[in-house]
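Asker: With the sequence up front, the predicted model follows.
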Amino acid sequence: MVTKLAFIGNYSSIAFLYLLVLVLLIVLYLVSRKLIQRGRFTKKTNSNIEIIERFYISADKTLLIIRVGDEYLLLSYDKNGMNFLKTLEHFIPDQKAENKEKFQDLLNGVVKKDKSDEIQ
């Protein structure tokens, strides 16, 4: 009688482990599917659009410099969506950090221009 109960306990622990592995596989499948839908882990073949730089203002607010063709755009992104701020006419990206125009300088220029426009 004792040996029959030991087998029942052993089968229930094996069934629990199978159920746990099944749930884990389903969760991994759903997470990977969601990431692929967001565009992660997919090969980017379009060379006409490129994110040049990101600047995180807060946890949910970001400024972006994006190259579209030959133009560079300054965009903002937050939980409500993406907004176009301005086209950067004199922005020339460079591989060398010392020759690259700093994003903070560009941001300060935009903020100063916006403040001067509000005063007038």
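Answerer: Here it is on my side, so go on.

Asker: For this structure, which segments count as strands?
Answerer: 49-58, 61-68, 71-78, 81-88 (DSSP state E).

Asker: Sheet-wise, list the partners of the first one with their directions.
Answerer: Translated: strand 49-58. Partners of strand 49-58 in the sheet, by DSSP bridges, are strand 61-68 (antiparallel).

Asker: Strand 81-88 and the partner strand, what's the angle between them?
Answerer: 50 degrees (axes from the mean of the first three to the mean of the last three Cα atoms, to 10 degrees).

Asker: Buried residues in strand 61-68, which are they?
Answerer: Leu63, Leu64, Ile65, Ile66, Arg67 (16 or more other Cβ atoms under 10 Å). C-beta: built from backbone N, CA, C; applies to glycine.

Asker: Can you tell me what sits against it?
Answerer: 48-57, 72-78, 85, 88, 91, 93, 103, 106-107 (Cβ atoms under 8 Å, 6 or more residues apart in numbering).

Asker: try 10 Å this time
Answerer: Under the criterion Cβ atoms under 10 Å, 6 or more residues apart in numbering, residues 47-57, 72-80, 82, 84-85, 87-88, 91, 93, 101, 103, 106-107, 110 lie in contact with strand 61-68.
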